[in-house]
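A.B. asks: I would like the atomic coordinates for the input below:
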Amino acid sequence: MSNTEDTKTRGTTVLAVRRDGTLAVAGDGQVSIGEIVFKNRASKVRRMYDDRVLTGYSGAAADALALFERLEGKLDEFSGNLPRACHELAKQWRTDKVLRQLQALLIVGDKENLLLISGTGDLLVPDDDVIGIGSGGPYAQAAALALLTHTDMSAEQVAEEAVKIASTLCIYTNDQIVVEVLS
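C.D. replies: Numbering: from 1, shown residues only. Prediction:
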């Protein structure tokens, strides 16, 4: 294994769930470098645009934060029109030589929209109002879909419980969960 593989920052779980007009975005707190848990209480979710947009990320934190700054600029430019701002960010991320190097996935949502943005130009809207990203994302997404189908839990409860379930399966995910909610 090379030195770059030994020090690679890995893993996370971020999940967005929409139910009954409420959007919840939950993220675990673990940051791993190689085989070492470096931090247990990192926050991978945040509010932006006067608390009208929730975001979460997986990948390199500095890259995601740089993208969040650009997204805020796009939200200002397009008067809070989230789909338009995300479309312009995805386009810029894919075509700009510097931005193209950024390694992150973003979940972005407001009261009406839920989107996944990637550096490959993807701008996706989920069918089921659930998006999971990071190493534990598929586990959390599957758990959330089951909870939404078989319980009356709120979006916040589903998001938190699904990330907890993912933390029991994914070694790069812990149960120190931050949840942000928009109602």
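
A.B. asks: can you tell me the closest non-neighbouring residue to the most centrally placed residue in the chain?
C.D. replies: The residue lying closest to the centre of the chain (Cα atoms, centre = their mean) is residue 56, at 3.1 Å. Closest residue to residue 56 apart from its sequence neighbours, by Cβ to Cβ, 6 or more residues apart in numbering: residue 14 at 3.7 Å. Every residue, glycine included, has its C-beta placed from N, CA and C.

A.B. asks: residue 38 too?
C.D. replies: Nearest one to residue 38, counting by Cβ to Cβ, 6+ apart, is residue 31 at 4.9 Å.

A.B. asks: on that earlier part again, the residue nearest to residue 56 bridge partners, please.
C.D. replies: Counting by DSSP bridges, residue 14 is bridged to residue 27, residue 133.

A.B. asks: that one: neighbour count?
C.D. replies: 28 (other Cβ atoms under 10 Å).

A.B. asks: residue 26 too?
C.D. replies: Count around residue 26 with other Cβ under 10 Å applied: 30.

A.B. asks: likewise for residue 109?
C.D. replies: 25.

A.B. asks: ok, it - contacts?
C.D. replies: Residue 109 is in contact with 16, 18, 23, 25, 53, 54, 55, 82, 115, 182, counting by Cβ atoms under 8 Å, 6 or more residues apart in numbering.
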